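Q: please work out how this folds:
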Amino acid sequence: MNDKLVVGIADMKMAQGSGMLVTYALGSCIGICFYDPMLKLAALLHIMLPLNLETGRKSPLKYADTGIRETLREMERRGAKRARVTAKIAGGAQMFAAITNSSISNIGQRNIAAVKETLAKLRIPIIADDTGKNYGRTLYFNAADGTMRIKSVNRGEWVW
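A: Model (predicted):
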């Protein structure tokens, strides 16, 4: 597909009307799909960590709290209305179960909690949730209709 935009780690991209946003290999990271159906404005954010504690707020897209806020600001600059925006989330897997350091092994769960808490504070409803478990995912987000498609090695493919 010519209009496929790849979203990297600590990255966000938008498409309007058509196009596919994709982020590969979500493990403990979370992909957050934002959609304003009236404008067919889609944004995909790939966060890596729950909270931005960096001085000067560097790399805001790397974190759930600042990345979500920055993405919503960008969508609103393009005409989106927060009351219409919905979210779909995927990722947050426990990829390091063999590691005994609990702060590393539960980063996926901490990311899930931070994403859900931030979206709730901002009154953005989560209408699809494919988080947790112990496997990676690739996420495709269609700007034409707001569908989120997940692919996972040895687990198949499903649509939200």
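
Q: helix or strand: which one has the nearest residue to residue 159 once chain neighbours are set aside?
A: Closest residue to residue 159 in three dimensions, ignoring its sequence neighbours and counting by C-beta to C-beta, 6 or more residues apart in numbering: residue 149, at 4.9 Å. For glycine as for every other residue, the C-beta is placed from the backbone atoms N, C-alpha and C. Here residue 149, judged by DSSP states H and E, is contained in strand 148-152.

Q: what strands flank that strand, and is each parallel or antiparallel?
A: Applying DSSP bridges to the sheet, strand 148-152 is found paired with strand 137-142 (antiparallel), strand 156-159 (antiparallel).

Q: looking at those strands, which has the lowest confidence?
A: When these are ranked by mean pLDDT, strand 156-159 comes last with a mean of 88.

Q: now what about stretch 126-141, what contacts it?
A: For stretch 126-141, contacts defined as C-beta atoms under 8 Å, 6 or more residues apart in numbering pick out 20-27, 30-31, 33, 42, 44, 86-95, 97, 108-109, 112, 116, 119, 147-155, 158, 160.

Q: ok, now with 6 Å
A: The contact list for stretch 126-141, computed with C-beta atoms under 6 Å, 6 or more residues apart in numbering, reads 20-27, 31, 33, 42, 44, 86-90, 92-94, 112, 119, 148-152, 155, 160.
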